[in-house]
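Asks: what's the 3D shape of this:
(chains A and B)
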Amino acid sequence: MEAVQVFDGGRPAVGHLVRLRALRGALRGSEYAWALAFLVPYIAVFFAFVIYPVSYGLWMGSKPSLYATLMNDPTYWTSIVNTALYLGIAVNLKMVCALLLSGFFMRPGWWIKALLMIYVLPWAIPSMPAFISIHWFFNGDYGFLNDLLYDLFGINGPAWLDSRWLALGTMITSYIWKWMPFWTVILLAGRMAIPSEIHEAAKIDGATGVRGFIHITFPMLANLYFVCTLLSTIFTVGDFNTAYFVTGGGPAFSTYVLATLGIRDAFDLSQPRLGVAAVITALPVVIPLVYLLMRKLKTAQVQL
Amino acid sequence: MSTTAISAAPCNAASALATSGQRLRRAARRRRLLANVGTALLSFVLLVWTIAPIFNIVMVSLEGHDDVFGGRIWPADPSLDGYWLVLSEGYWYLEYFWHQYGNSVCLGVAVTALTLLIGSLTSFSIGRMRIRHGWVVTNAALLTYVIPATFLAIPFYRLAQAYGMMNNLWSVIAALVAFATPYAIFIFQNYGASIPMELDESARIDGASPWQIYTKIYLPLMTPALVAVGTYALLLAWNDYLYQFLLLSSKQSMTVPVALAQFLNSDEAPWNYMMATAVIYSLPPIATYYMFRTKMTGGLTMGGVKG
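Replies: Model prediction:
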């Protein structure tokens, strides 16, 4: 597989800079104007639809009294715990399973390739219809899962969405169902980029199976795996659809996460500033992750 | 080891070798069998895991209204009535279905086209023309890429209200384009690095303007990356719910997911119609994905999960 460099952010290397200087002289007046004109659309979009809303949001959430209100809201604390559990369990479980399954999909055979095509389907289904159907799927009385459990094993399944922990579990399961295929494909591409000579050499030295994975495959994939986990964590902090459609925050407001709580405060309670404040309290966790990610991406080019 | 021991019992050694060889072969066969059984088992589990919710959508969409609460794994009397009802706008929640589907298509097409246009112009300027301080723009884009889209929803809503952009498809298009372009810029810059600069330079010497180089050389050579990013942008628009829900609330302006969520709020949610709508809504992204699947593996990288 062709290695594609995904990110090339950051200052160019020194040698690059020297070349750039030489080239800049070659950019004649009219060409410079063209180059600037080509940049204008993105810069306009960036200022109008990123910088402006971000600053406006920070301004909205700048009153300290908002945070006092938040701290007094028991739902806020439940959401913090839920968000931590959701990020900690769902993201990591998903990534570990994706890492192992990407090895499974490396196996030869038409059957594996056909399975992979089906396996990726959840990713291509839009999340909103997928999650409302999963909500119905887990319905305690009429849901497909409990019908199936009863018909096959004679078990009366629990009301999945009526207790906080079961509901969180269904949320995590649905999230993994929807997003694991995508990361499996990414890690599969990463595995395929490892030259086969390395595996052959390791095989001769006796590193196969689990040992091959620990000493060869994982070290080669570690950087990619780390970057993927960071990215996935950051995106999942803002995941609204899963919590909103699978559990709807219920039972009794016990399964809100920060993203859904912010929207509830802003629109159901008509307190947009409070909603923004709720979201802002995630920043102390998100910013270090972003910093780590930016550094990782600058130092090591992620090869896919 | 002494030489006599070897020469004294050549037959024994040979037979021992043969039996150990057999044993090894048997062990290998057993291991292969185990591996095959394991593969079959895991395949089965994965298949059930992936298919069960999808099967549920299709099954419920084929049910009659009374079947929905019937507790059966397969409807007693499967019918396509639900689909017909959706397509003929025969239910009061669905009275603008085609109009709303049109809105969804417009949204997807506009987000895709604008993302491709803005992303390719930007990366052409930075990557091919090497404009001064281009890296600042690249970094700004990288930062945008890691902002969870949900976090900007509330300010975005307020701003749309302030500027009278509510119930206007353009406000959603603007938000989604802002979140999709950074990914486009990365993919285009990295893909563009594999196209030799000499092509641009020789065109310049022949007197081609930057615009000509962009349209006649850059874009045609970038086709695979354009396909990958285009698919990504379309899926992003199709996956989004929050921005469409917040910014589009009138029946005329809303898109299919917003209309579908309205069903949920009705007293007795008609699950069979909802699932039929869900299937119809899910078809374009699935078709797009399978159409461009092979082309995407190179370009579809870390961006497809933004939502």
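Asks: pLDDT weak spots in the stretch 201-304 of chain A?
Replies: Applying pLDDT under 70 to the stretch 201-304 of chain A flags the ranges A:298-304.
Asks: repeat that for 90
Replies: A:201-224, A:226-228, A:231, A:234-235, A:238-239, A:248-254, A:267-268, A:270, A:283-287, A:290-304 (pLDDT under 90).
Asks: tell me which parts of it are close to chain B?
Replies: A:227-228, A:231-232, A:234-235, A:237-241, A:244, A:259, A:262-263, A:266-267, A:272, A:275-276, A:279, A:282, A:286, A:290, A:293-294, A:297, A:302, A:304 (Cβ under 8 Å from any Cβ of the partner chain). In this view, the C-beta of every residue, glycine as well, is placed from N, C-alpha and C.
Asks: secondary structure class for the residue nearest to A:Pro272 when sequence neighbours are not counted?
Replies: Ranked by Cβ to Cβ, 6 or more residues apart in numbering or on different chains and with sequence neighbours excluded, the top spatial neighbour of A:Pro272 is A:Ala266, at 4.3 Å. State at A:Ala266, reduced to three classes by DSSP: H, G, I helix; E, B strand; the rest coil: helix.
Asks: surely B:Gly90 forms part of a strand?
Replies: No - assigned with three-state DSSP, B:Gly90 falls outside any strand and is coil.
Asks: just the element for the closest residue in space to it that isn't next to it in sequence, please.
Replies: For B:Gly90, ignoring the flanking residues on the chain, the nearest one in space by Cβ to Cβ, 6+ apart is B:Trp84 at 7.4 Å. Here B:Trp84, judged by DSSP states H and E, is contained in helix B:81-87.
Asks: centre of the chain to that helix, how far?
Replies: 27 Å (Cα atoms, centre = their mean, to the nearest Å).
Asks: packing partners of that helix?
Replies: Judged by 3 or more Cβ pairs under 8 Å, 6 or more residues apart in numbering or on different chains; DSSP states H and E, helix B:81-87 is in contact with helix B:271-299.
Asks: show me what the helix or strand harbouring B:Pro53 packs onto, helices and strands only.
Replies: For B:Pro53, the host element (DSSP H and E) is helix B:10-61. Packed against helix B:10-61, as judged by 3+ Cβ pairs under 8 Å, 6+ apart, are the following elements: helix A:92-104, helix A:110-119, helix A:121-124, helix A:127-137, helix A:144-153, helix A:164-192, helix B:271-299.
Asks: in TSV, list those along with mean pLDDT and distance to B:Leu47.
Replies: Below are the helices and strands packed on helix B:10-61 laid out as TSV (pLDDT from 0 to 100; distance: least, Cβ to Cβ, whole Å):
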stretch	mean pLDDT	distance to B:Leu47
helix A:92-104	94	13
helix A:110-119	90	7
helix A:121-124	90	11
helix A:127-137	90	17
helix A:144-153	85	15
helix A:164-192	91	13
helix B:271-299	83	17
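Asks: before we move on, back to that, wait, what's in contact with the residue nearest to A:Pro272?
Replies: A:Pro272, A:Leu274, A:Gly275, A:Val276, B:Ile154, B:Tyr157 (Cβ atoms under 8 Å, 6 or more residues apart in numbering or on different chains).
Asks: let's go with 7 Å and repeat that
Replies: Going by Cβ atoms under 7 Å, 6 or more residues apart in numbering or on different chains, A:Ala266 touches A:Pro272, A:Gly275, B:Ile154.
Asks: any regions of the stretch 1-150 of chain B where pLDDT drops low?
Replies: B:1-36, B:38-39, B:56, B:59-96, B:127-150.
Asks: for chain A, give me its nearest residue in it.
Replies: The stretch 1-150 of chain B approaches chain A most closely through B:Pro148 (2.2 Å), counting by Cβ to the nearest Cβ.
Asks: hmm, back to that, check which helices and strands the helix or strand following the helix holding B:Trp84 sits against.
Replies: Sequence order places helix B:97-123 as the next helix or strand after helix B:81-87, per DSSP H and E. Helix B:97-123 sits against helix A:29-46, helix B:169-192, helix B:223-239, helix B:256-265, with contacts defined as 3 or more Cβ pairs under 7 Å, 6 or more residues apart in numbering or on different chains; DSSP states H and E.
Asks: just say which of those is most tucked in.
Replies: helix B:169-192 (a mean of 25; mean count of other Cβ atoms under 10 Å in any protein chain shown).
Asks: distance between that helix and the chain's centre?
Replies: Mean-position distance between helix B:169-192 and its chain equals 14 Å (Cα atoms, centre = their mean).
Asks: before we move on, what about stretch B:79-98?
Replies: Distance, centroid of stretch B:79-98 to centroid of chain: 27 Å (Cα atoms, centre = their mean).
Asks: which parts of that stretch are buried?
Replies: By 16 or more other Cβ atoms under 10 Å in any protein chain shown, the buried positions in stretch B:79-98 come out as B:Asp81, B:Gly82, B:Tyr83, B:Leu85, B:Val86, B:Leu87, B:Tyr91, B:Tyr93, B:Leu94, B:Tyr96, B:Phe97.
Asks: just give me the neighbour total for residue 153.
Replies: In the absence of a named chain, chain A is used. Neighbour count for A:Phe153, taken as other Cβ atoms under 10 Å in any protein chain shown: 9.
Asks: please refer instead to chain B.
Replies: 28.
Asks: that one: what's it in contact with?
Replies: B:Ala153 makes contact with A:Ile263, B:Leu242, B:Tyr243, B:Leu246 under the criterion Cβ under 7 Å, 6+ apart.
Asks: and of the buried residues of stretch B:79-98, the nearest to B:Cys106?
Replies: B:Tyr96 (13.9 Å; Cβ to Cβ).
Asks: distance of the nearest residue to that closest one once chain neighbours are set aside from chain A?
Replies: Nearest in space to B:Tyr96, with sequence neighbours left out and distances taken as Cβ to Cβ, 6+ apart, is B:Lys251 at 5.3 Å. Distance, B:Lys251 to chain A, by Cβ to the nearest Cβ, to the nearest Å: 18 Å.
Asks: give me the neighbour count for B:Lys251.
Replies: Residues near B:Lys251, counting by other Cβ under 10 Å: 15.
Asks: helix, strand, or coil at it?
Replies: coil.
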